[in-house]
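Student: give the three-dimensional model of this entry:
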Amino acid sequence: MGRQHYGLLVGKSKSIFRATKERLNLLNERGVEALNILYPGLNYGGMLYYQLLESLPKEISAESLNLREYILKSMEI
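Tutor: So this is what the prediction gives:
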């Protein structure tokens, strides 16, 4: 893959990373009320809130690793 391709992957990964962090911050700040902001009109159970609190930090870690990998690969080219 070329440098330009990795540049696109880095940009996309940064966007996903930022959006995931914003969702987690909103959940931490607003609690269950944040679900109405993040997923308007969604009929959810209270478990969704706790599932997101558990899964979003894992997603952030995974995206951070992906971002680091893309940056390193783009530097090798």
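Student: pLDDT averaged over the lengthiest helix in the chain - what is it?
Tutor: Counting residues, the longest helix found in the chain (DSSP state H) is helix 46-76. The average pLDDT for helix 46-76 rounds to 89.
Student: quick check: the residue lying closest to Ile71 once chain neighbours are set aside vs Leu67, distance?
Tutor: Nearest residue to Ile71 in three dimensions, chain neighbours excluded: Val10, at 5.9 Å (CB to CB, 6 or more residues apart in numbering). C-beta here means a position set from N, CA and C on the backbone, and glycine is covered the same way. Noted for Val10: a distance of 7 Å to Leu67, by CB to CB, to the nearest Å.
Student: ok, back up a step: which helices and strands sit right next to the longest helix of the chain?
Tutor: helix 3-30, helix 34-38 (3 or more CB pairs under 8 Å, 6 or more residues apart in numbering; DSSP states H and E).
Student: starting at the chain centroid, how far to that helix?
Tutor: Counting by CA atoms, centre = their mean, to the nearest Å, helix 46-76 is centred 6 Å from the centre of its parent chain.
Student: make residue 1 into 40 and carry on from there
Tutor: Yep, numbering from 40; the last one is helix 85-115 now.
Student: quick one, what contacts the residue nearest the centre of the chain?
Tutor: For the chain, the residue nearest the mean C-alpha position is Thr59 (2.7 Å; CA atoms, centre = their mean). Contacts for Thr59 (CB atoms under 8 Å, 6 or more residues apart in numbering) come out as Leu95, Glu98, Ile99, Glu102.
Student: again, but for Leu48
Tutor: Contacts of Leu48 (CB under 8 Å, 6+ apart): Tyr109.
Student: and it, what's its pLDDT?
Tutor: So, for Leu48, pLDDT stands at 80.
Student: this completes my enquiry, with thanks.
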